[in-house]
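**Q** Have a look at this prediction, sequence included:
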Amino acid sequence: MASSRIVWCALVLCMSWVAFGSSPTSAREDGFKVIVHPTNAINVVDRGFLRAAFLKTAIRWGHDKRSLRPIDLPKEHPVRDQFTNDILAKTPAQIRTYWIQRIFSGTAVPPPEAESISAAVAYVLANPGAVAYIPATADAGGTKVVRVD
């Protein structure tokens, strides 16, 4: 009886992995990297500060007081979901609710959404206070890749 439960649980788990198109470790292996304008003096960004930047509770870089200009990848991009979970510590549904509340209260609007990875890179290159995340395997195109602590 117990062995049939184990087999059943293993089967359900395997079917879930297939249904979602990846194993639990593949998202980590794919990953993302954080990019900033090449003139930005930072080499490392604190995870909490990055979260505050994308939730718009921080509005300026601490080291030079430039305005923060975060940009998101398109909603359907899998790296956006990973960034939302790992850095913002929210699910995509929770982040939608967060922004609906902020918009209706008049306190903030969400970061703009890039049409593509190359558009996010171009945005960062055009805006000295910009910060974005892109797939770890993507070309950073002249932006500065910073480590997240």
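**A** Perfect, thanks for sending it.
**Q** residue contacts, Val131?
**A** 34-36, 45, 50, 53-54, 68-71, 124 (C-beta atoms under 8 Å, 6 or more residues apart in numbering). Every C-beta, even on glycine, is put in place using the N, C-alpha and C of the backbone.
**Q** go on, Ser118?
**A** Ser118 touches Gly141, counting by C-beta under 8 Å, 6+ apart.
**Q** Would you confirm that it belongs to a helix?
**A** Yes - using DSSP: H, G, I helix; E, B strand; the rest coil, the assignment for Ser118 is a helix.
**Q** sorry, back to before: determine which two of the contacts of Val131 are furthest apart.
**A** Greatest spatial distance in the contacts of Val131: Val45 and Ile71, 14.8 Å, computed using C-beta to C-beta.
**Q** which stretches of this protein form strands?
**A** With DSSP state E, the ranges of strands along the chain come out as 32-36, 44-45, 69-70, 130-135, 144-148.
**Q** looking at these, which is closest to Thr107?
**A** Nearest to Thr107, of all those, is strand 69-70, at 15.9 Å by C-beta to C-beta.
**Q** Please name the strands paired to the closest one in the sheet, noting orientation.
**A** Neighbouring strands of strand 69-70 in its sheet, by DSSP bridges, are strand 130-135 (parallel).
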